[in-house]
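Asks: just the structure for this:
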Amino acid sequence: MDKKDENLIRRLASARDGIEEELGKIIVGQRRVIEEILLALFANGHVLLIGVPGLAKTMIVNCLAKILDLQFKRIQFTPDLMPSDITGTEILEESASGKRS
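Replies: Numbering: from 1, shown residues only. The predicted structure is shown next:
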């Protein structure tokens, strides 16, 4: 491992510690959840938070978005919610010559 990688690892660890510290000021008792969310975030992965009401799932994500200066929007899932309701759909338009774009 070269110096550049070591420096990057130190910076990432420092960022993680700072984020955990800030979240710890608001979220109590969810340290493992926070660690796993940050692992997924740093690994460019995805997280699905599942749990009974009152576990601060939404609050964790909202606070994390504020710490990282990101936009937060909540989606209320219902049985009839489709993926396209969230991501949108592509609409193909045909030109006069019949080509789609």
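
Asks: just checking, next helix/strand downstream of whatever helix or strand Leu12 lives in?
Replies: Following DSSP states H and E, one finds Leu12 within helix 3-24. Moving toward the C-terminus from helix 3-24, the next helix or strand (DSSP H and E) is helix 31-42.

Asks: between that following helix and helix 3-24, how big is the angle?
Replies: Helix 31-42 and helix 3-24 meet at an angle of 140 degrees, taking axes from the mean of the first three to the mean of the last three Cα atoms, to 10 degrees as the criterion.

Asks: give me the residues contacting helix 31-42.
Replies: Residues from elsewhere that reach helix 31-42 (Cβ atoms under 8 Å, 6 or more residues apart in numbering): 12, 16, 19-20, 23-24, 27, 45-47, 49, 60-61, 64. All C-beta spots, glycine's among them, are computed from the backbone N, C-alpha and C.
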